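Just a sequence and a predicted model for now, questions to come.
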Amino acid sequence: MAALSTTAATEPPAATGKKFLIGGNWKCNGTMASTEALVGILNTAEVPDFCEVVVAPIALHIPYVAANLTSNVAVSAQNVGVNAKMGAFTGELAASQLVDFGLTWCITGHSERREMFGETDELVASKTKVAVDAGLSVMACVGEKLEARKDGSLWDVITAQLVALGAALSEEDWAKVAIAYEPVWAIGTGEVATPAQAQEVHAFIRAWLSTNVSPAVAAATRIQYGGSVKGSNAAELGGCPDVDGFLVGGSSLKDDFLNIINAAVAC
């Protein structure tokens with residue numbers, strides 16, 4: 001594994017009451033042995049007071065991770081059912097069941113759910129609302145494919161995703177929602193949006209929230225960047241004024257995740 005940074009993050013003066021939110025999406029990865037090893041690594045993390053860290057293992061491993069992970073790191077589900085109640089929904093995990101188990105977070109709308117399983121903007125918004133109503137906090141993902149980036153239609157794509165969320169959520173609901181911007185063309189490809197590209201989209205999302213929800217919600221909502229985040233680029237990306245955290249894929253499975261935590265800055 002890569003060498004760890006030995007310098008813990010030092011808290012600068014915080015501009016807001018928000019905590020920098022770092023999510024680790026483990027996707028469909030991990031054996032029991034590798035998960036035990038990863039939990040051991042995470043248990044050495046020094047999480048600064050201005051930072052919140054959440055990891056999302058596969059559903060099978062959630063009980064082990066929740067029972068053995070340091071209290072400085074929360075555990076999330078990678079997905080949640082659209083069903084508000086338990087019942088005949090084979091293969092689903094109801095938000096109420098996640099809360100009953102003791103989880104506080106879930107992810108909705110990841111690009112892989114949208115692309116591989118046909119989840120629409122409206123379905124993602126409905127899942128987000130069900131999760132919030134059950135008491136979960138949500139990392140709700142938005143983002144564009146390469147074609148939309150190239151032809152300039154990314155703003156229409158992201159607006160449609162936000163409009164669906166805005167139609168489903170009340171102003172109060174947004175207190176439990178973070179927006180994770182993930183340029184689909186940068187996920188797992190090694191390609192990374194430049195800090196300027198990330199900042200441009202994050203500023204667009206915040207402006208949309210200000211206009212269409214409220215200025216207070218826009219200021220309070222954490223907007224994460226997700227797309228090949230690594231320890232080597234986290235500080236530069238995190239330094240953008242509208243980047244309030246990360247949603248990390250591949251690097252969350254390695255000790256480089258500690259370097260990303262160490263690169264966190266106060267929002």
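Looks like it came in fine. Here the structure is a predicted model, which means the values were calculated and not measured.

Could I get the pLDDT score of the nearest residue to L21 once chain neighbours are set aside?
Computed as C-beta to C-beta, 6 or more residues apart in numbering, the closest residue to L21 that is not its neighbour in sequence is G245, at 3.4 Å. Heads up, the C-betas are built off the backbone N, CA and C, glycines and all. On the pLDDT scale, G245 is placed at 98.

Also T6?
Model confidence at T6 (pLDDT) stands at 30.

same thing with A235?
For A235, the predicted pLDDT is 95.

mind listing the helices for the stretch 151-267 of the chain?
154-168, 195-212, 215-220, 231-238, 256-262 (DSSP state H, counting those that start in this stretch).

List the buried residues of the second one.
Within helix 195-212, the residues scored as buried using 16 or more other C-beta atoms under 10 Å are P195, Q197, A198, Q199, V201, H202, F204, I205, R206, W208, L209.

Give me the angle between it and helix 154-168.
Using axes from the mean of the first three to the mean of the last three C-alpha atoms, to 10 degrees, the inter-axis angle of helix 195-212 relative to helix 154-168 is 40 degrees.

How much space separates the residue nearest to L21 from G40?
24 Å (C-beta to C-beta, to the nearest Å).

So which of these two has more stuff around it?
More neighbours surround G245 than the other of G245 and G40, with 28 against 11 (other C-beta atoms under 10 Å).

List the residues that contact that one.
Counting by C-beta atoms under 8 Å, 6 or more residues apart in numbering, G245 touches 20-23, 52, 178, 222-225, 238, 264, 267.

got a winner among the residues you listed for most neighbours?
Y225 (32 neighbours).

show me the contacts for that one.
Contacts of Y225 by C-beta under 8 Å, 6+ apart are A180, Y181, E182, A193, A198, H202, L237, C240, V243, G245, F246, L247.
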